[in-house]
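**Q** Quick check, what structure comes out for this input:
(one chain, ligands or ions: 1)
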Amino acid sequence: MVAVSLRALRKVFDDGVVAVDGLDLEVAAGEFMVLLGPTGCGKSTVLRLLAGLETPTSGEVVFDGVPVSRLPPAQREVGMVFQNHALYPHLTVAQNIGFPLRVSGESPARLQSRVAEVARELHVVDLLGRLPAHLSGGEQQRVALARALVARPALLLLDEPMSNVDAAIRAELRGEIRAAVRRVGITCVYVTHDQAEAMSMADRLAVLRRGVLQQVGTPARVYADPDTVFVAAFLGSPPPSLFEAAVSVTPERVDLDLGSHVVALPRTAALAGRHGERVTVGVRALRPGDALRGVVRRVDNLGHEVLARVDAGLVPTPLATSGLELPSRPPAPVTHTEYGFYPSYQPGDRAPAGEVTVRMPAPARVRVGDELGVAVAPEDLLLFDRSGRRIRIFDAPLDSQS
Ligand SMILES: Nc1ncnc2c1ncn2[C@@H]1O[C@H](COP(=O)(O)OP(=O)(O)OP(=O)(O)O)[C@@H](O)[C@H]1O
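**A** This is a model prediction of the structure:
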């Protein structure tokens, strides 16, 4: 197990693309770190820099305190599984797993014992005699992982390893991969653009945007306490609504004017100097109540709960202000209740303009076209300034009465 430090890491490709821009990141020995971000944000480039497949333009990759940026891949003790982790089709599982050791000239006895050992760890002992064509997607995945681990690397790098796997078994595989990595006991950096994968697998996750680190922390912390509007929007299920509001500060009170409704906010230092400022507000899911009223535009029945999208007449944040370059698909018009165990939302989806999501325990008698009241409490609101940085409204009360 190795501790990894990335120090002011920067990678500019020959065509001028800045893929990684001043990245500082610490990965503790034995930690499972997930790099998360939209396509093109530089995740794979970071992994390739760790593996030694790319050389940094500036900055340093450090393993256990030792700079390794100039070391070739073979000297870094790194195991990798990339998106197209093709197994060799004419070799058995055992031969596939043992392949890296055969190439490095390992003795047959040692090769065999090591293959047996890693096959036990990855639960593929029963598959050793099979050809890859006779394995399920999940089994191929485990074999690829075994092959990456057979040489006892100090660091495991996984780049969207499940992208070729059926969506249906991906959730199960997440748990399997996580458990296998834990059994083996190895530092791991895992790249994905799938927030569910990141949230369920990471010890900590690092959110990247255009090569710049946005936030790093435990999934629970980053989800609940995002530093930027980009992070809030990227880690949202259901997708957050983003809308505009104005702050009003008087000696007595602080209010947030949503247009159709005013919410009293705590009198805290974070808001003191912001009278008249327009802010971006993010909300994930609200409860029924009587603060806002609107018409239900969409209903998702998830079995255990019901999500209703309510057009509450809020002023949507322009995409430019939100800092999101995520593809925003036009919302499909939904004229009926959608049933399903998982929301049909994709990472980066946003609620359509002016709509908020209301979460209700199932069963809930709500239909498209109904009018619904919505509660809004200050705790539901994530506020961001014009640059997209979070305004933490519960920090530092202005006085003891607040
Ligand atoms: N060899 C290269 N030459 C020039 N530009 C490159 C090269 N490799 C990557 N890039 C660019 O660097 C940026 C980051 O790419 P990278 O593959 O690291 O992103 P990513 O977040 O892993 O995306 P994805 O999820 O699509 O794999 C992109 O703009 C990409 O086009």
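**Q** So which residues of the stretch 1-150 of the chain form strands?
**A** 4-12, 18-27, 32-36, 58-63, 66-67, 78-81 (DSSP state E, counting those that start in this stretch).
**Q** Check those for me and report the most buried one.
**A** Neighbour counts (mean count of other Cβ atoms under 10 Å) averaged over each of those peak at strand 32-36, with a mean of 25. Every C-beta, even on glycine, is put in place using the N, C-alpha and C of the backbone.
**Q** Save the strands of the stretch 1-150 of the chain as TSV, and put in mean pLDDT and distance to Gly388 too.
**A** Conversion of the strands of the stretch 1-150 of the chain to TSV gives the following (pLDDT from 0 to 100; distance: least, Cβ to Cβ, whole Å):
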stretch	mean pLDDT	distance to Gly388
strand 4-12	97	22
strand 18-27	97	16
strand 32-36	97	17
strand 58-63	97	25
strand 66-67	96	34
strand 78-81	92	34
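**Q** Can you check which of these gets nearest to the ligand?
**A** Closest approach to the ligand among the strands of the stretch 1-150 of the chain (Cβ to the nearest ligand atom): strand 18-27, 3.4 Å.
**Q** Below-threshold pLDDT in the chain: ranges please.
**A** 85, 316-353, 396-402 (pLDDT under 70).
**Q** what helices or strands is the longest strand along it leaning on?
**A** Of all segments of type strand in the chain, defined using DSSP state E, the longest is strand 287-301. Contacts defined by 3 or more Cβ pairs under 8 Å, 6 or more residues apart in numbering; DSSP states H and E place strand 287-301 against strand 305-311, strand 337-339, strand 355-361, strand 371-375.
**Q** quick one: which of those strands is nearest the ligand?
**A** strand 355-361 (26.9 Å).
**Q** the inter-axis angle of that closest one versus strand 305-311?
**A** 160 degrees (axes from the mean of the first three to the mean of the last three Cα atoms, to 10 degrees).
**Q** any idea how far strand 355-361 is from the chain center?
**A** From the chain centre to the centre of strand 355-361 is a distance of 23 Å (Cα atoms, centre = their mean, to the nearest Å).
**Q** Give me the residues contacting it.
**A** Contact with strand 355-361 is made by 238-239, 241, 283-288, 292, 294, 297, 304-312, 314, 351, 366, 372, 374, as judged by Cβ atoms under 8 Å, 6 or more residues apart in numbering.
**Q** Kindly export that strand (C-alpha atoms) in CSV.
**A** The C-alpha trace of strand 355-361 is given here as CSV (Å, rounded to 0.1, in the frame of the first residue of the first chain):
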residue,chain,number,x,y,z
GLU,A,355,-39.6,23.6,-11.2
VAL,A,356,-38.8,22.1,-7.8
THR,A,357,-38.9,18.4,-6.7
VAL,A,358,-41.2,17.5,-3.9
ARG,A,359,-40.5,14.2,-2.1
MET,A,360,-43.4,12.3,-0.5
PRO,A,361,-43.6,8.9,1.2
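**Q** Okay, buried residues for it please.
**A** Buried residues in strand 355-361, counted by 16 or more other Cβ atoms under 10 Å: 355-360.
**Q** between the residues you listed, which is nearest Ala246?
**A** For the buried residues of strand 355-361, the minimum distance to Ala246 (Cβ to Cβ) is 17.8 Å, reached by Val356.
**Q** The residue nearest to the closest one when sequence neighbours are not counted bridge partners, please.
**A** Closest residue in space to Val356, ignoring its immediate chain neighbours: Ser241 at 4.8 Å, by Cβ to Cβ, 6 or more residues apart in numbering. The partner list for Ser241 in beta bridges (DSSP bridges) reads Val283.
**Q** and what of the one 4 residues further on?
**A** Under the criterion DSSP bridges, Ala245 forms beta bridges with Val279.
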